[in-house]
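[1] Sequence unavailable; structure follows:
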């Protein structure tokens, strides 16, 4: 910072250093050693400069009460107001319209959820295969329709026995000797009662290999409360004499489904890619379910795979 030199300083400097003045006179030729108007360079005082250059220094120095001052203001939130436009000439019947009050229209149809056990769920088999293979129908074609009715009736009788629905046999009356006239007047015996119905009956017949015989699967359950129902699933084949050969039987009730689940047939599928079908069953317990794959071969039903691991729901084969 440049300041004007005081007169006392110039006198002292001229008397204290005459040689400097002589040198200056020698160099300049016309100027004297002491110059009262000569500016002198001093070091700037930081304390005084900082106080003078504070935030309000410019305002205080001006002293103008009407001087505008710039300040940072607070941002006010924008009001959340939607733009509403009336479209009176719109004739679109599907255009949504907002109205006050409770809607009097029909309720919105909600798709059923797949969580838990939907009552009317339909299951099918899907196989992920890198090779494209032709569709294989697994349904068995009976050469004689009467054979199918006979096999189904035999399986239904076995299912009733397993569920405890078979009527007890009539008591045997003691034989008495009667005359010919008494024999003619004897009333005929009443016909037997009809068999008890099977609730939820499902009957399928498969041809699990080309040229093989029929494989029959029947599932049913009793009526009543869920905890009191009994369930049965039978897998059988006709033997050489036209009788039913039982391969697998699963019987359980609603109170023991976690220990022994019911078996529900899903479908037949070629899971091994060998042109032979396997039977896929759903093992449904009280709160969980798994899937099991069975191969029917040489008069046996062998379990190949169970999802989730373990032996959940062991079944008896007869």
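    Looks like it came in fine. What you are looking at is a predicted structure, and each value in this text was computed from that prediction instead of being measured.

[2] Do a quick rundown of the strands in the stretch 101-250 of the chain.
    Using DSSP state E, counting those that start in this stretch, the strands found in the stretch 101-250 of the chain span residues 199-206, 215-221, 230-238, 244-253.

[3] any idea which helix is longest in the protein?
    Criterion DSSP state H: the longest helix present in the chain is helix 145-163.

[4] just checking, what packs against that helix?
    In terms of contacts (3 or more Cβ pairs under 8 Å, 6 or more residues apart in numbering; DSSP states H and E), helix 145-163 is packed against strand 199-206, strand 215-221, strand 230-238, strand 244-253. (Glycine included, C-beta is placed from N, CA and C.)

[5] now the strands of the stretch 101-250 of the chain in TSV, with distance to residue 90, mean neighbour count and mean pLDDT?
    Listed next are these as TSV, based on distance: least, Cβ to Cβ, whole Å; neighbours: other Cβ atoms under 10 Å; pLDDT from 0 to 100:
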stretch	distance to residue 90	mean neighbour count	mean pLDDT
strand 199-206	53	15	94
strand 215-221	57	23	95
strand 230-238	58	22	95
strand 244-253	62	19	94
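
[6] quick one: low-confidence parts of the stretch 101-250 of the chain?
    102-120, 167-187, 189 (pLDDT under 70).

[7] okay, the helices and strands packed on helix 145-163 in CSV with distance to residue 308 next?
    Converted to CSV, those look like this (distance: least, Cβ to Cβ, whole Å):
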stretch, distance to residue 308
strand 199-206, 24
strand 215-221, 21
strand 230-238, 19
strand 244-253, 18
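
[8] Quick one, which of those gets closest to residue 130.
    When the helices and strands packed on helix 145-163 are compared by Cβ to Cβ, strand 199-206 sits nearest residue 130, at 25.8 Å.

[9] Give me the residues contacting that closest one.
    Strand 199-206 has contacts (Cβ atoms under 8 Å, 6 or more residues apart in numbering) with 138-140, 142, 148, 151-152, 155-156, 214-223, 265, 268, 277, 279.

[10] The protein: helices as residue ranges?
    7-16, 18-28, 46-52, 57-62, 145-163, 180-185.

[11] what mean pLDDT would you report for the first one?
    Looking back up the chat, that one is helix 7-16. Averaging pLDDT along helix 7-16 yields 48.

[12] likewise the fourth one?
    Per-residue pLDDT over helix 57-62 has a mean of 50.

[13] going forward, begin numbering at 361 instead of 1
    Done: numbering now begins at 361, and the last item shifts to helix 417-422.

[14] who does the nearest residue to residue 558 once chain neighbours are set aside bridge with?
    Of all residues not flanking residue 558 in the chain, residue 580 sits nearest, at 3.8 Å (Cβ to Cβ, 6 or more residues apart in numbering). On the basis of DSSP bridges, residue 580 is bridged to residue 592.

[15] quick one: residue 580 from residue 495, how far?
    Distance of residue 580 to residue 495, computed by Cβ to Cβ, to the nearest Å: 30 Å.

[16] Please verify my assumption that the residue nearest to residue 558 contacts residue 555.
    No: in this structure residue 580 lies outside contact range of residue 555 using Cβ atoms under 8 Å: 11.9 Å.

[17] coming back round to it: can you tell me what sits against the longest helix of the chain?
    By Cβ under 8 Å, 6+ apart, helix 505-523 touches 502, 526, 555-556, 558, 561, 563, 565, 574, 576, 578, 580-582, 590, 592, 594, 596, 598, 602-604, 606, 609, 611.

[18] cool, and stretch 648-664?
    Contacts with stretch 648-664, where a contact means Cβ under 8 Å, 6+ apart, come from 477, 568, 575, 595, 597, 605, 607-608, 618, 621, 623, 626, 631, 636, 638-643, 665-668, 672-673, 675, 677.

[19] Would you mind measuring from residue 569 to residue 625?
    18 Å.
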